[in-house]
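Undergrad: Provided below are the primary sequence and the corresponding predicted coordinates.
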Amino acid sequence: MKILVVEDEKKIGDYIKQGLTESGFVIELVRNGLDGHHKAMTGEYNLIILDIMLPDINGWRILESLRQSGNQTPVLFLTARDSVNDRVKGLELGADDYLVKPFAFAELLARVRTLFRRGNTVATNLLQVADLQMDIPSRAVKRAGQSINLTTKEFSLLELMVRRQGEVLPRSLIASQVWDINFDSDTNVIDVAIRRLRAKIDDEFSPKLIQTVRGMGYKLTTDEEQN
């Protein structure tokens, strides 16, 4: 699940990113309105956490642009402004929830999870390919009925591949979606992660699900091919 956080206060932005990353989400953090507007309008996210008072373009305008373009990605507003008029304005523009600073991280996390359950963009919580099963809320994975322990990144990588079953995923896309980094051709972090994931979900099972598409990337499929 990928979340865009638009927050200009460095301490708050870093706090949100660290907490949500540790909770298993993929976070992209930007610190001004212009970058936030660009990312929100061009990227694909399951949720946007949006500060109202931002440099360049405020949160109201970003939300208004989103809804006018037909983008219905859930939006959670963060703001120090606690007036009824501000809350009403945000909801009328199409915000899905509203959280006033300062806030406890536990409350933010609860609201994020509620929006995922409620929102139209929330994908199925139970995923299955062949005899591989993923329970997203409980972060549990089984293959042929056998429980498999995955790290946070391994789980996110597998979820990405399962949700996009049959698609060839370039290393650059995996890097941005799972690690929130730009892919560096000199690094083998993606290949190492794939190798470790294969060892856990494929080595002792059949069919082999993770396939290498040489020169392009990886895909998850039930059709076995030569790796």
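TA: Structure's in. What do you need?
Undergrad: got the contact list for the one helix or strand residue 41 maps to?
TA: Assigned by DSSP states H and E, residue 41 belongs to helix 33-42. With Cβ atoms under 8 Å, 6 or more residues apart in numbering as the contact definition, helix 33-42 has outside contacts at 4, 6, 8, 28, 30, 48, 50, 54-59, 61-62, 65-66, 69, 71, 73. C-beta: built from backbone N, CA, C; applies to glycine.
Undergrad: quick one: contacts for residue 32?
TA: Residue 32 touches 8, 54-56, counting by Cβ under 8 Å, 6+ apart.
Undergrad: And those, which of them are buried?
TA: 8, 54 (16 or more other Cβ atoms under 10 Å).
Undergrad: low-scoring stretches of this structure, by residue?
TA: 82-83, 118-124, 180-187, 224-227 (pLDDT under 70).
Undergrad: can you list the domain ranges for it.
TA: 2-119, 126-220 (the TED database).
Undergrad: For the contacts of residue 32, work out which two are farthest apart.
TA: 8 and 56 (9.4 Å; Cβ to Cβ).
Undergrad: how many other residues sit next to residue 162?
TA: 19 (other Cβ atoms under 10 Å).
Undergrad: In contact with it, which residues?
TA: Taking Cβ under 8 Å, 6+ apart, one finds 127, 129, 132, 134, 220 in contact with residue 162.
Undergrad: pretty sure residue 209 is in contact with residue 129, am I right?
TA: Yes. Under the criterion of Cβ atoms under 8 Å, residue 209 makes contact with residue 129 at 6.3 Å.
Undergrad: got any residues that touch both of these two?
TA: Residues touching both residue 209 and residue 129 (Cβ under 8 Å, 6+ apart): 220, 222.
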